[in-house]
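1. fold the following and give me the result.
(one chain, ligands or ions: 1)
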Amino acid sequence: MTSKVSIGIIGSGGIAAAHAQAYLSFPDVEIIGVSDIIPGKAQSFIDQQGIEGAIACDSVEELLALDIEAVSVCTPNVAHHSASVEALQAGKHVLVEKPLAVTLDQGIDMVKTAKNNDKILSVGFQPRYDPNMKAVKELINSGKLGDVYYMQAGGGRRRGMPGGTFINKELAGAGAMADIGCYSLDLVLNALNYPKPLTVSAYTSSLFGTNPAYHPEADKFDVEDFGVAMVRLEGGKVLNFKISWAMHMDSLGPTLFLGTDAGLKLTPAGNGPWSGVWDGGIGSIELFHDLNNHHVETSIPVQEHSIDIFREKVRDFVTAVKEGKSAPIPAEEILINQAIIDGIIRSSELGREMEINIPEI
Ligand SMILES: NC(=O)c1ccc[n+]([C@@H]2O[C@H](COP(=O)([O-])OP(=O)(O)OC[C@H]3O[C@@H](n4cnc5c(N)ncnc54)[C@H](O)[C@@H]3O)[C@@H](O)[C@H]2O)c1
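-> Coordinates of the predicted model:
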C-alpha cells in the first residue's frame, strides 16, 4: 500500500514542466498521468521530464478515469474552467494555474463546483511564497500603517508581449491585465485580506500589440497590452491599478500603500524591460512615517530568494491534499481578482464606471 499523493497533470506545455519537476522532487508524491489535447504531446512530455511509469492521455476524461487524488491544470486560460470543473466533479482536488479563468462567470462556476464536491480549488500564485511578499503583508497587518486608504499597484514591462494563446481574447480572456496584472492585484489585495471591490472605471489599449513594428503576430492580437483602472473598494479604500506589456517608459511607478499612520513603497529589483514587483522581484521596501513631526523613512531589508517559490506553492497544495486542509490560495478569494479584471474589460469597452457584483457562494 502506498501513502503517496497521486497526481495528474492536465496540459503539458511550458508551465506544466515546472509542476512536474516540483512534484518529482517530493518523495511522497507520484505523477500517475499526464493529458494534452495534442495527440502524442503528453507522452513526449513524460519522456522529456523523466516521469517514470506515468500514463499519457489524449483527453481529460481519460486522465480523470485514472486512480488520482489531485490534478494540476496547466492549460491555456480558456480551458481552466472546463478542466477544473470536470476534475472537481470527478472528485479530484485542483491546483489551477493563474489567472483563475477567462470570465467571472466561469470563476463562479468553478468555485461552486469545488464547494458542492467538497474539494480543494487552489490558484497558482507562487509569489505568495516570496519572503518579501510575506513581509509586506505582515507589516500591513501589524497595523503600523494605520488605516490603508490608497493603493497603487501594477507596473509594467517596457517590452514583454507574449504571443500564441496569450494574445487571443477568446482563449486568454484578457491580455496584460490577466497575465501579469492578476499577480499585481494579488500582491496588494492579499496584503489587505482581499477587500470587496465595489466599482471600476478603466481604460485599456492595444497600440503596441496591433502594430506589426512591435509584434510579429499583430494581425492576430486582440487583447490589451496596457490598462489603467480606478477600483473603489469596501471600507472607503481605492486602488489605482496599471499594467503594461509594452510602453515607451521604464516604469509605471512604484507599488504604494498609503495609510493614516504611515506609507509603504515597493520598487522593483531591476530596471530591465521585464522587471516588476508582481513576481517577487522586489528591490526595496520603504516605510514612510512621521513621528512627533520628525520625518522618518525606514528601509526594510529585502530578503534574498533562498527558496524556490514555485516548489513551495506545489508543496503547499500537496500538503493540503494529504492532510485534508483547505485550499492554500482559495479560489473563492481569487474570484475578487477575477471580478476586477472582468470589470476592467467591461468598463473599458463601454467607456464608463461599472459596478462589480460577486454573488455569495
Ligand atoms: N505561474 C506561473 O509562473 C505561470 C507561468 C507561465 C504560464 N502560466 C499559466 O499557465 C497556463 C499555461 O501556460 P503555458 O505557458 O504552459 O502554455 P502552453 O501553451 O505552453 O501549454 C498549454 C498546454 O495545454 C494544452 N491544452 C490546451 N487545451 C487543453 C485541454 N483542454 N486539455 C489538456 N491540454 C490542453 C496545449 O496543447 C498545451 O500543450 C496559462 O494559464 C498561463 O497563464 C503560469
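2. which single residue of this structure ends up nearest the ligand?
-> Gly13 (1.8 Å; C-beta to the nearest ligand atom). Every residue, glycine included, has its C-beta placed from N, CA and C.
3. stretch 60-75 near the ligand anywhere?
-> Yes - contact of stretch 60-75 with the ligand (C-beta under 6 Å from any ligand atom) involves Val60, Cys74, Thr75.
4. would you check that the first one makes contact with Ser35?
-> Yes - Val60 is within contact range of Ser35, at 5.6 Å (criterion: C-beta atoms under 8 Å).
5. now stretch 242-258: mean pLDDT?
-> Averaged across stretch 242-258, the pLDDT comes to 92.
6. please begin residue numbering at 441 from this point
-> Sure, I'll start counting at 441 from here, so that last one is stretch 682-698.
7. pull up the distance across that stretch, start to finish.
-> Stretch 682-698 has an end-to-end distance of 17 Å (criterion: C-alpha to C-alpha, to the nearest Å).
8. cool, stretch 631-640 as well?
-> Rule used - C-alpha to C-alpha; the end-to-end distance of stretch 631-640 is 20 Å.
9. mind showing which ranges of the stretch 491-640 of the chain have poor pLDDT?
-> Counting by pLDDT under 70, the stretch 491-640 of the chain shows no low-confidence range.
10. what about the helix ranked longest in the chain, near the ligand?
-> Scanning the chain for the longest helix, with DSSP state H as the assignment, gives helix 771-790. No - applying C-beta under 6 Å from any ligand atom, one finds helix 771-790 separated from the ligand by no less than 12.4 Å.
11. report the buried residues of that helix.
-> By neighbour count on 16 or more other C-beta atoms under 10 Å, the buried set for helix 771-790 is 771-788.
12. that older thread, ok, the residues of stretch 500-515 next to the ligand vs Thr650, which is closest?
-> Thr515 (25.8 Å; C-beta to C-beta).
13. what does the protein have sitting close to the ligand?
-> Counting by C-beta under 6 Å from any ligand atom, the chain sits next to the ligand at 450-456, 475-478, 481, 500, 514-517, 519, 523, 537-538, 564, 566, 605.
14. buried among the residues you listed? Make that a ChimeraX selection.
-> Of the residues of the chain next to the ligand, the buried ones can be selected in ChimeraX as follows, counting by 16+ other C-beta under 10 Å:
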select :450,451,452,455,456,475,476,481,500,514,515,516,517,519,523,537,538,564,566
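15. show me the shaky parts of the stretch 641-790 of the chain.
-> Across the stretch 641-790 of the chain, residues meeting the criterion (pLDDT under 70) sit at 711-715, 745.
16. ranges for the helices of it?
-> 749-763, 771-790 (DSSP state H, counting those that start in this stretch).
17. can I get the ones you listed in CSV with distance to Gln592?
-> As requested, these are exported to CSV (distance: least, C-beta to C-beta, whole Å):
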stretch, distance to Gln592
helix 749-763, 24
helix 771-790, 15
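18. those helices: which one's closest to Pro467?
-> Using C-beta to C-beta, the helices of the stretch 641-790 of the chain put helix 749-763 closest to Pro467, at 11.1 Å.
19. buried ones in that closest one, by neighbour count?
-> Neighbour-count burial for helix 749-763 [16+ other C-beta under 10 Å]: Ile749, Phe750, Arg751, Glu752, Lys753, Val754, Arg755, Asp756, Phe757, Val758, Ala760, Val761.
20. now the residues you listed in TSV, with distance to Asp719?
-> TSV is the format used below for the buried residues of helix 749-763 (distance: C-beta to C-beta, whole Å):
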residue	distance to Asp719
Ile749	9
Phe750	11
Arg751	15
Glu752	14
Lys753	12
Val754	16
Arg755	19
Asp756	18
Phe757	19
Val758	22
Ala760	23
Val761	25
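21. any idea how far the closest residue to Val576 other than its chain neighbours is from Ala575?
-> Leaving aside its chain neighbours, Val576 sits nearest to Ala631 (5.5 Å; criterion: C-beta to C-beta, 6 or more residues apart in numbering). Ala631 is 10 Å from Ala575, where distance means C-beta to C-beta, to the nearest Å.
22. who has more neighbours, these two?
-> Neighbour totals were compared for Ala631 and Ala575, and Ala631 leads with 23 against 16 (other C-beta atoms under 10 Å).
23. that one contacts Glu578, correct?
-> No - with contact defined as C-beta under 8 Å, Ala631 does not count as touching Glu578 (9.0 Å).
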